[in-house]
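In: Pasted the sequence and its predicted model underneath.
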Amino acid sequence: MTCICNAFWQCISLVDYYAPLFFLEIGLVQPGDFCESVNLCSQRIIVSLPLSKGKCEICYQAVAEVLLKLKDPETQLDIIEMLLKACTTVESHVKKCKTMVFEYGLLIFANAEQYLETTDMCTTIHACDSPSANSHQALPIEKKSVLSVL
């Protein structure tokens, strides 16, 4: 029992220490470079969006595409590989950094998916008006009881 408790507090301590470093490194990643490295964009090009689409509609499309990519195992693997490569920049903590990537990577994907599915990001970042003034409201989810599905 003592080993489990000691390991638990050591884990908490490691997360408290390394999580800010991890997110600091993530913060240094340039979006364009990241998108290219995980094959979201084959090359950087300037796209002229049709004038008929407003920023709100474009935002919802972008969020939907991000969700598709987040759920794609190949994209997840590409991101994990990129994070593991980034761990080499934390010279004296490479092993601990890689361990954190493996321990928390999939959890971060799951949390990001859940956040994007339950939060109206486009309204949050003011790409869209508030739901009361906007036709892009979240659609109600049909809830079925467990017994009705069986």
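Out: Here it is on my side, so go on.

In: where do the helices sit along this protein?
Out: 2-28, 31-37, 55-71, 73-87, 94-118, 121-124, 146-149 (DSSP state H).

In: could these be laid out in CSV, adding mean neighbour count, mean pLDDT and distance to S130?
Out: No exception for glycine: its C-beta is placed from N, CA and C like everyone else's. Converted to CSV, the helices of the chain look like this (neighbours: other C-beta atoms under 10 Å; pLDDT from 0 to 100; distance: least, C-beta to C-beta, whole Å):
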stretch, mean neighbour count, mean pLDDT, distance to S130
helix 2-28, 11, 67, 29
helix 31-37, 13, 69, 27
helix 55-71, 15, 90, 11
helix 73-87, 15, 91, 31
helix 94-118, 14, 91, 17
helix 121-124, 16, 88, 6
helix 146-149, 6, 40, 34
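
In: what's the spacing between G105 and D16?
Out: The gap separating G105 from D16 is 18 Å, by C-beta to C-beta, to the nearest Å.

In: Ok, V63 next?
Out: Taking C-beta to C-beta, one finds V63 at 31 Å from D16.

In: Then K69?
Out: K69 is 30 Å from D16, by C-beta to C-beta.

In: same question, T75
Out: For T75, the distance to D16 - C-beta to C-beta - is 29 Å.

In: how close does M121 sit to A112?
Out: To A112, M121 is 11 Å away according to C-beta to C-beta.

In: And T99, by the same measure?
Out: 20 Å.

In: now E91
Out: 28 Å.

In: do D129 as well
Out: Going from D129 to A112 by C-beta to C-beta gives 25 Å.

In: Over to C122?
Out: Note on C122: its distance to A112, by C-beta to C-beta, is 16 Å.

In: Settle this for me: K96 is touching L14, isn't it.
Out: Yes - using C-beta atoms under 8 Å, K96 is in contact with L14, at 6.6 Å.

In: Which residue comes closest to K98 once chain neighbours are left out?
Out: Distances taken as C-beta to C-beta, 6 or more residues apart in numbering put C87 closest to K98, at 4.9 Å, once the chain neighbours are dropped.
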